[in-house]
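Novice: here you go, sequence then predicted model.
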Amino acid sequence: MNFRFGVDYYPEHWPEDRWETDVRLMAEMGLTVVRLAEFAWQKMEPAEGRYDFGWLDRILDILDRHGLKAVLGTPSASPPAWLVEAHPDILPMDSQGRRMSFGGRHHDCQSNPDYRVHVERMVSAMANAFGHDSRVTGWQIDNELGNSHHELCHCAHCRRAFQKWLENLYGNIDTVNGSWGTVFWSQTYDRFEQIPTPALTATAHNPSLLLDWKRFHSDLIIDFLESQVRVIRSAAKDQFVTHNFMGLFDVVDYFKLARSLDFVSHDQYPFGFWEPKQSPAGLAEALDLMAGLKHKTFWVMEQQAGITGWQTMSESPRPGQLALWAAQSVAHGADAVVFFRWRTCTVGTEQFWHGILPHNGMPGRRYDELKGLIRGLGPLMPRFEGALSDADVGILYSYEQNWAFEIQPHHPELNYVSYVQGIYQSFHERNTPVDFLPPEADFGGYKIIVAPLLFVELPGLAQRLSEFARQGGILVLTMRSGVKDQANVCQTERPLPGIFGDLTGIEILDYDCLRFRHVPVERNGQAFIAKLWWDVVNLRGAEAWASGSGGGHAGEPAITRNPYGAGKVWYVGSCPDEGLMKAFCKALTEEAGVDPLGPHVPGIELSRRRAADRDYLFVLNHSEETKAPLVDPSWTRLIGRDLIAPFDFQVYERPKRP
């Protein structure tokens, strides 16, 4: 069975005599897959070693009768009260030494050996019961790993695990002291057992320790997932294994977390109650990152289906927006879209996280809107299954750079994710497809590589970027590149941008953190603004493409371009405003011969999926106005009308071109 659309369902929240009605309505809507059980540990194991899968078996039977398959979630995000009572130290500890309480979710320490035993035992019981069950098509490990763990865990188990991780990495304590520079403030260690977690301290911890702590905790989460993957794969047959990621979330390195999975899944919430509603470019960026994690199509395992809310709520999606957002997910590489949730719950923290059905369980506007989407878009999706955008532009995305800037952001408003978002948005508005790449990626096949904020050295990266430019690629580097070595210690061997000096054809004489001011920038008579940071650049073979025109930096290069081998290397020595980024992006793509998918129309997003012999173009209207998008007549329209209504979309196809 090919899965296109599904829903997240919690039968344990509802009377059993309602299940048949719910599943019938799902089938009538056109859904074909349902995620179950990811928070149902106590329901499946009400006491240690006493399993009850009868209720799960009964709902699987009902789904099967109506032609729906199930994805089962392993329940390690919600350890039950009896387990916490037996092993209270599985509860995580914050940086102030406070033990978290039972309640909520993710109330667990993933380094705790007792907890790991219970998790693997529970997952093994599930896999043995359902690993060969034809009603089950796949597995989701845990739920949103790293969520609720922003402060990480500082318990004794985590401290010992951190010390062991460091010993495996460095080999001996002298190497740690030398790499971290622990002579500063008399922080030298005599043995690994002295090294703390970065718990609350009088001032601030060593930035080298902090970066390794973030690396360690990412590796711990990855190991926690992989231990469950191994259990599933040892007992399951012909069932996929995935996990639901969270876009630009930064606690764990998603490229590494994705390695053991068949494909990644993603949770997409345009109107999250916890943040301002996201822009179309921000939503597209999260989806493109998901496609980049394995360079493969993905699932959306939680697609917003109504108002989100815990203690407070988001605004309500406008008519058409739920369908539009789902279509956007498909446009950027989702082969299946699973809506969260089926019915708005009446109990617990998420009483006001609205689903397809309201509290009363009666189908209404949201049900009808998504039913129409499924009937229109679903039949087309097999045509481009497995197909991505085939981008000419790659943005290098590094979790380690992100962590280093979380530790030392320099400017209070300088943020790695936001800086990358500004770059992505300029390509997005130009309707230019972008791939996100890990630092170890193969850069061959791309015309442009943007490598922002390479603050910390990564093994072999500088050499591979040099080779990319030497062979004719266009490379973009930015401010705060080449500053640190891999241990988060400042480089001293050469002027900034350090190991990238020859590539860029510049040296940085000084820099200026732009607290409380901007620097005006001029390019061909046009006025722009540089924010947050300014590198004082001396040209050593490069040419200035844009320059400061005041603010104490008049005449100094803001953006430079340097010939290198058969290619070009650009350097951006500040945080450009939106106008300067647009002009810069236009210059880059024109120099590289990268054509946009179509002209820019305000409020309209263009996205492409390239199948073996045909291209598919999605035209998405995120505005409240009827639009007339300018689509080349070589495209044949499959969905939509000449004019595209507010919060509506069109799909086109044409034979694939070079």
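Specialist: That came through fine. Residues are numbered from 1 along each chain as shown.

Novice: got the buried residues for the biggest helix by length in the chain?
Specialist: The longest helix of the chain (DSSP state H) is helix 207-235. For helix 207-235, burial by neighbour count (16 or more other C-beta atoms under 10 Å) applies to 207-222, 224-229, 231-233, 235. Placement of C-beta: from N, CA and C, glycine included.

Novice: now swap in stretch 439-453 and tell me
Specialist: By 16+ other C-beta under 10 Å, the buried positions in stretch 439-453 come out as P439, A441, F443, Y446, K447, I448, I449, V450, A451, P452, L453.

Novice: sketch out the low-pLDDT regions of this structure for me.
Specialist: 1 (pLDDT under 70).

Novice: where do the domain boundaries of it fall?
Specialist: 5-147+211-384, 156-208, 393-592, 604-655 (automatic domain parsing).

Novice: turn those domains into a markdown table, columns for distance to G598.
Specialist: Shown next, in a markdown table, are the domains of the chain (distance: least, C-beta to C-beta, whole Å):
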| stretch | distance to G598 |
| --- | --- |
| domain 5-147+211-384 | 14 |
| domain 156-208 | 45 |
| domain 393-592 | 5 |
| domain 604-655 | 5 |
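
Novice: now, which of the buried residues of stretch 439-453 lie within strands?
Specialist: In strands, defined here by DSSP state E, the members of the buried residues of stretch 439-453 are I448, I449, V450, A451.

Novice: quick one: the longest helix of the chain to chain centroid distance?
Specialist: For helix 207-235, the separation from the chain centroid amounts to 17 Å (computed by C-alpha atoms, centre = their mean, to the nearest Å).

Novice: circling back: wait, which of the ones in strands among the buried residues of stretch 439-453 is closest to L638?
Specialist: Set against L638, the nearest of those by C-beta to C-beta is I448 (30.4 Å).

Novice: what about the closest one, distance to A530?
Specialist: From I448 across to A530, the span is 22 Å (C-beta to C-beta, to the nearest Å).

Novice: what's across from K69 in the sheet?
Specialist: V33 (DSSP bridges).

Novice: hang on, the earlier thing: in its sheet, what does the next helix or strand after the longest helix of the chain sit against?
Specialist: Once helix 207-235 ends, the next helix or strand along the chain (criterion: DSSP states H and E) is strand 240-242. Sheet pairing of strand 240-242 (DSSP bridges) gives strand 136-140 (parallel).

Novice: pull the residues that contact the strand it pairs with.
Specialist: By C-beta atoms under 8 Å, 6 or more residues apart in numbering, the residues outside strand 136-140 that reach it are 1, 3, 33, 35, 38, 60, 69-74, 127, 130, 232, 236, 239-244, 262, 265, 301.

Novice: one more time with 7 Å, if that's ok
Specialist: Applying C-beta atoms under 7 Å, 6 or more residues apart in numbering, the external contacts of strand 136-140 come out as 33, 35, 38, 69-74, 130, 232, 236, 239-244, 265, 301.

Novice: that strand: how far from the chain's middle?
Specialist: Put simply, strand 136-140 sits 22 Å off its chain's centre (C-alpha atoms, centre = their mean).

Novice: swap in stretch 179-190?
Specialist: 35 Å.

Novice: check which residues of that stretch are buried.
Specialist: Neighbour counts using 16+ other C-beta under 10 Å place S179, W180, G181, T182, Q187, T188, Y189 of stretch 179-190 among the buried residues.

Novice: need the contact list for the residue nearest to S78 when sequence neighbours are not counted.
Specialist: Nearest residue to S78 in three dimensions, chain neighbours excluded: F39, at 4.6 Å (C-beta to C-beta, 6 or more residues apart in numbering). F39 makes contacts with P75, A77, S78, R105, as judged by C-beta under 7 Å, 6+ apart.

Novice: what of D253?
Specialist: D253 touches S218, Y399, counting by C-beta under 7 Å, 6+ apart.

Novice: relative to E151, how far out is it?
Specialist: Counting by C-beta to C-beta, the separation of D253 from E151 is 18 Å.

Novice: what pairs with whichever strand or helix holds G394, parallel or antiparallel?
Specialist: Assessed by DSSP H and E, G394 sits inside strand 393-396. Counting by DSSP bridges, the strands paired with strand 393-396 are strand 434-437 (parallel), strand 448-451 (parallel).

Novice: export these to a markdown table and tack on distance to E591?
Specialist: Output for these, formatted as a markdown table (distance: least, C-beta to C-beta, whole Å):
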| stretch | distance to E591 |
| --- | --- |
| strand 434-437 | 17 |
| strand 448-451 | 9 |
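
Novice: which one of the ones you listed lies closest to L370?
Specialist: Checking these against L370 by C-beta to C-beta gives strand 434-437 as the closest, at 28.3 Å.

Novice: who's in contact with that closest one?
Specialist: D288, L289, G292, A391, V393, G394, I395, L396, Y397, Y424, F427.

Novice: stretch 470-479 too?
Specialist: Outside stretch 470-479, the residues within contact range by C-beta under 7 Å, 6+ apart are 443, 446-454, 465, 468-469, 497, 500, 504, 533, 535, 564-574, 588, 591-592.

Novice: that one: which residues count as buried?
Specialist: Buried positions in stretch 470-479, judged by neighbour count with 16+ other C-beta under 10 Å: G473, I474, L475, V476, L477, T478, M479.

Novice: please identify which helix or strand holds the fourth one.
Specialist: In this structure, V476 sits in strand 474-478 according to DSSP H and E.

Novice: and the next helix or strand past that strand?
Specialist: Tracing the chain past strand 474-478, the next element assigned as helix or strand by DSSP H and E is helix 501-504.

Novice: run through the neighbouring helices and strands of that following helix.
Specialist: strand 557-564, strand 567-572 (3 or more C-beta pairs under 7 Å, 6 or more residues apart in numbering; DSSP states H and E).

Novice: again, 8 Å this time
Specialist: Helix 501-504 sits against helix 461-470, strand 474-478, strand 557-564, strand 567-572, with contacts defined as 3 or more C-beta pairs under 8 Å, 6 or more residues apart in numbering; DSSP states H and E.

Novice: out of these, which gets nearest to G272?
Specialist: strand 474-478 (28.7 Å).

Novice: right, and the strands paired with strand 393-396 - which one's nearest A27?
Specialist: Closest approach to A27 among those (C-beta to C-beta): strand 434-437, 36.4 Å.

Novice: which of the buried residues of stretch 470-479 sits closest to V631?
Specialist: I474 (27.9 Å).

Novice: identify the bridge partners of the closest one.
Specialist: Per DSSP bridges, residues listed as beta-bridge partners of I474: I448, K568.

Novice: just checking, F271 touches L322?
Specialist: No - with contact defined as C-beta atoms under 8 Å, F271 and L322 do not form a contacting pair (10.1 Å).

Novice: and for the two, which residues touch both?
Specialist: Q304.

Novice: hang on, the earlier thing: what lies in contact with the strand holding G394?
Specialist: Residues contacting strand 393-396 (C-beta under 8 Å, 6+ apart): 420, 423-424, 427, 432-439, 441, 443, 446-452, 454, 589, 594.

Novice: quick one, helices of the stretch 551-658 of the chain?
Specialist: For the stretch 551-658 of the chain, applying DSSP state H, counting those that start in this stretch gives helices covering 578-592.

Novice: can you tell me which of the strands paired with strand 393-396 is nearest to E625?
Specialist: Per C-beta to C-beta, nearest to E625 of these: strand 434-437, 26.2 Å.

Novice: for the closest one, buried residues please.
Specialist: V434, D435, F436, L437.

Novice: quick one, what contacts the closest residue to V594 other than its chain neighbours?
Specialist: Nearest residue to V594 in three dimensions, chain neighbours excluded: D392, at 4.6 Å (C-beta to C-beta, 6+ apart). By C-beta under 8 Å, 6+ apart, the contact set of D392 is T432, P433, Y446, K447, I448, A592, V594.

Novice: switch the cut-off to 7 Å
Specialist: Y446, K447, I448, A592, V594.

Novice: run through who's touching stretch 610-625.
Specialist: Applying C-beta under 7 Å, 6+ apart, the contact partners of stretch 610-625 are 280, 324, 327-328, 331, 383-384, 387-390, 597, 602-609, 627, 629, 631, 635, 644-656.
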